[in-house]
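**Student:** pasting a predicted model and its sequence here:
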Amino acid sequence: MNIDRAVFVFAGSMILISVTLAHFFSPYWLLLTAWVGFMMFQSAFTGFCPMAMVFKHFGVKPGSAFR
């Protein structure tokens, strides 16, 4: 798995988890969904992704989108 796929898996997981938590516990969990969406949006334009930097630190091999 490369950094690109790891970031997409992590983001998708966070979205699904927050939607589930919002359904069962509190709608405020949707703020996590909004935050993940915002970070994905800004990384598409800037190339800056904090999660990609974390994965790189842990030795996940680089992909083509995040370096």
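**Tutor:** Yes, it's here.
**Student:** skipping adjacent residues, who's closest to Y28 in space?
**Tutor:** Nearest non-adjacent residue to Y28, counting by Cβ to Cβ, 6 or more residues apart in numbering: A22, 7.5 Å away. Where C-beta positions appear, they are placed from N, C-alpha and C, glycine not excepted.
**Student:** helices or strands up against the one helix or strand M39 maps to?
**Tutor:** Using DSSP states H and E, the element containing M39 is helix 30-46. With contacts defined as 3 or more Cβ pairs under 8 Å, 6 or more residues apart in numbering; DSSP states H and E, the packing partners of helix 30-46 are helix 3-24, helix 50-57.
**Student:** how about residues contacting the first one?
**Tutor:** Contacting residues not belonging to helix 3-24 are listed as 1, 28-30, 32-33, 36-37, 39-40, 49, 51-52, 55-56, 60-67 [Cβ atoms under 8 Å, 6 or more residues apart in numbering].
**Student:** tell me the buried residues in it?
**Tutor:** I3, D4, A6, V7, A11, M14, I15, S18, L21, A22 (16 or more other Cβ atoms under 10 Å).
**Student:** could the helices and strands packed on helix 30-46 be laid out in TSV, adding mean pLDDT and distance to A44?
**Tutor:** Listed next are these as TSV, based on pLDDT from 0 to 100; distance: least, Cβ to Cβ, whole Å:
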stretch	mean pLDDT	distance to A44
helix 3-24	96	12
helix 50-57	94	12
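**Student:** now the helix holding M39 against helix 3-24, angle please.
**Tutor:** Orientation check (axes from the mean of the first three to the mean of the last three Cα atoms, to 10 degrees): helix 30-46 against helix 3-24 gives 160 degrees.
**Student:** and for helix 30-46, what are the contacting residues?
**Tutor:** If you take Cβ under 8 Å, 6+ apart as the criterion, helix 30-46 is touched by 11, 14-15, 17-19, 21-22, 48-52, 66.
**Student:** any idea how far P62 is from the most centrally placed residue in the chain?
**Tutor:** Centroid-nearest residue in the chain, with Cα atoms, centre = their mean: A11, separated by 2.9 Å. To P62, A11 is 17 Å away according to Cβ to Cβ, to the nearest Å.
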